[in-house]
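Colleague: Let's see this in three dimensions:
(2 chains)
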Amino acid sequence: MLRLKNINTYYGKVHALKNVSLHLGEGEIVTLIGANGAGKTTILNTISAVTPASGGEVLFRREPVTALQPDKIVQLGISQVPEGRQVFKPLSVEDNLELGAYLRYRARESKSDIRRDMEQIFALFPRLEERRKQLAGTMSGGEQQMLAIGRALMANPKLLLLDEPSMGLAPLVVQEIFRVLERLRQEHGTTILLVEQNAKAALKLADRGYVLETGKVILEGAADELMENAEVKRAYLGKDKKEIWER
Amino acid sequence: MKRELLKFLAFTVFVLLLPLYFQGGYLMNVLVFVGINTMLAIALNLLLGYAGQISLGHAGFFGLGAYLSGILTATYGWNPWLAMPTAAIVVGGLAGLIGFPILKLKGHYLAMATLGLGIIIYIVFNETVDLTGGPSGLSGIPNLAVAGVTFDSDVKNYYLIWGFTLAVILFSLNLANSRVGRALRAVHDSEVAARVVGVNARILKVQIFALSALLSSLAGSLYAHTMTFISPASFGFNFSVELLTMVVIGGLGSVYGSFLGAALLTLLPEFLRAAHDYDIIIYGALLMLMVMFMPGGLVRGIPDLFRKVFKKGGGDSHA
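Modeller: Take a look at the predicted model:
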């Protein structure tokens, strides 16, 4: 469904992604794990065309989408839930969700269809319904994350890109959010690319994973295999750690 | 939405009945200016209050509208009803062209760029003497006329200007509550997030800049046709700052706030005239107090004030 071929991305002179190649099948949940600065967010932003790639190719459903503008990417069915949630704080929950459907409104899609989708989001996250008139900035981090996901879903995406949805949230809330992601795949067949620091939770949910280090893919494989991989265990799962003086 | 409509209807009735109270006195002329300034403040508020983009050059667009209308009618004998939309489209288009490069700038840099733009336009008015009459101004601009009625008295002009002002208010309320209004507020809050949901922030900013200039130009044309004389002094940097003050004092991101700000800043000097030389001191002090105690602008500050006074009264009765 999505394929990245030898992607190179720069921030000024900084070479952030070095020949990154990866792929996602229809209905798959794939996770990208790696330390800070490994290039996880850059991969998502390159797919979303927010940070254009300087070399390589992104294919979505076999069509090249590398040179498109961000709004075209959303129109094709790729929505991103950005890092740090980035909900529109001075706007109400409802307004935030309506903004998620911005391009559908522009395309003159029927308002009742969009309304119905909003009710579905409320069914997925009942807490958002209780707060539909509340300003997004006054909600808790978990609720804002739910709203950010809801906003992305309002565009009716085929592929959902999530950037560290668990960041700064209580474990119970993380569980709730991950359960919703699983439900999305089962009920709507949504394909999900999940960037996470919380490698354990991410690998539990995902089918496959890629491990990134300083802009390069260093490992890839099925999630359960990665979970058992000694290197991953040591570096990202906090198991079998060696004290510094033992190295 | 229904409540919005009722509010607008109530406001319309208020505007239509106001002249009965003043019986065509001197204040009618001032109220014409309140109407023009309301249009300008709303135009700037769409850009500043909704989209979060500053402009210190809006007096320039106002002046361009006035001069284009004035020159086309007084010098070339066009019909004013044709000159007005022509000027608006030209100014809107020009703003769109200039907006493309300068709206990439943010914050102070955008303020500087628009400041420069306003000053350049002002210099052009002064220096192209053959076209604009230079510092001594352009006179002989015809009044607007409809079906044999010429808008040449204060009362007639009042209804003409406020007809346009009410239309601009209604249009802006609709825009603010639409998909586009939401997108503008989204761009204001976080450009990255706006882009991720599919809002083309760059194009949208240019579009709202052009629209804002177009509305300012319309206000300028109306100003030219009601005053029948214009000179560069009305379109300088000072007036750009005054417009900005109206928007901030009235309330950012509120259409009715722009009316309150425009009304206050237009009427206040008239009332302060009694204080003779001290008027400018009182004017400045009042503005300072308002910014200090009503940071959300008049449109939010006045209801808050009522609530506070009301609560205090309730508390006293308990004591």
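Colleague: hey, let's count contacts and neighbours off CA atoms from now on
Modeller: Noted.
Colleague: Could you list the low-confidence segments of chain A?
Modeller: For chain A, applying pLDDT under 70 flags the ranges A:238-247.
Colleague: Pull stretch A:150-166 out as PDB, backbone CA atoms only.
Modeller: Written as PDB, here are the backbone C-alpha positions of stretch A:150-166 (Å, rounded to 0.1, in the frame of the first residue of the first chain):
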ATOM      1  CA  GLY A 150     -10.200  11.700  16.000                       C
ATOM      2  CA  ARG A 151      -9.300  14.800  13.900                       C
ATOM      3  CA  ALA A 152      -7.000  12.700  11.700                       C
ATOM      4  CA  LEU A 153      -9.800  10.100  11.300                       C
ATOM      5  CA  MET A 154     -12.300  12.700  10.200                       C
ATOM      6  CA  ALA A 155     -10.400  12.900   6.800                       C
ATOM      7  CA  ASN A 156     -11.400   9.200   6.300                       C
ATOM      8  CA  PRO A 157      -7.800   8.000   5.900                       C
ATOM      9  CA  LYS A 158      -6.800   4.700   4.400                       C
ATOM     10  CA  LEU A 159      -3.400   5.100   6.100                       C
ATOM     11  CA  LEU A 160      -3.000   6.600   9.500                       C
ATOM     12  CA  LEU A 161       0.400   7.900  10.600                       C
ATOM     13  CA  LEU A 162       0.800   8.300  14.300                       C
ATOM     14  CA  ASP A 163       3.700  10.100  15.900                       C
ATOM     15  CA  GLU A 164       4.300   9.000  19.500                       C
ATOM     16  CA  PRO A 165       0.700   8.800  20.700                       C
ATOM     17  CA  SER A 166       1.800   7.500  24.100                       C
END
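Colleague: In chain B, what residue comes closest to chain A?
Modeller: B:Gly198 (3.9 Å; C-alpha to the nearest C-alpha).
Colleague: any idea how far A:Gln186 is from A:Ile192?
Modeller: 12 Å (C-alpha to C-alpha, to the nearest Å).
Colleague: neighbour count winner among those two?
Modeller: A:Ile192 (27 against 12; other C-alpha atoms under 10 Å in any protein chain shown).
Colleague: Wait, a strand at the more buried one?
Modeller: Yes. Counting by DSSP: H, G, I helix; E, B strand; the rest coil, A:Ile192 is located in a strand.
Colleague: which stretches of chain B form helices?
Modeller: All helices of chain B, identified by DSSP state H, fall at B:2-22, B:26-45, B:58-70, B:80-102, B:107-127, B:129-132, B:154-176, B:179-189, B:191-196, B:201-227, B:237-250, B:255-272, B:279-293, B:298-318.
Colleague: what about the spatially most central residue of chain A, is that helix, strand or coil?
Modeller: Nearest to the geometric centre of chain A sits A:Leu162, at 1.3 Å (C-alpha atoms, centre = their mean). Assigned by three-state DSSP, the conformation of A:Leu162 is strand.
Colleague: Can you verify my assumption that it contacts A:Leu193?
Modeller: Yes. At 6.3 Å, A:Leu162 counts as touching A:Leu193 under the criterion of C-alpha atoms under 8 Å.
Colleague: Would you mind checking the average pLDDT for stretch B:65-76?
Modeller: Throughout stretch B:65-76, pLDDT has a mean value of 95.
Colleague: Would you mind measuring the gap between the ends of it?
Modeller: Across stretch B:65-76, first to last residue, C-alpha to C-alpha, it's 16 Å.
Colleague: likewise stretch A:100-113?
Modeller: OK, stretch A:100-113 end separation, C-alpha to C-alpha: 14 Å.
Colleague: From B:Ser216, how far out is B:Gly133?
Modeller: Going from B:Gly133 to B:Ser216 by C-alpha to C-alpha gives 22 Å.
Colleague: Compare the two (neighbour count), which wins?
Modeller: B:Ser216 (32 against 18).
Colleague: give the contact list for that one.
Modeller: Residues in contact with B:Ser216 (C-alpha atoms under 8 Å, 6 or more residues apart in numbering or on different chains) are B:39-40, B:43, B:58, B:61-62, B:65.
Colleague: Tell me how far A:Thr66 lies from chain B.
Modeller: Remark: distance between A:Thr66 and chain B (C-alpha to the nearest C-alpha, to the nearest Å) = 16 Å.
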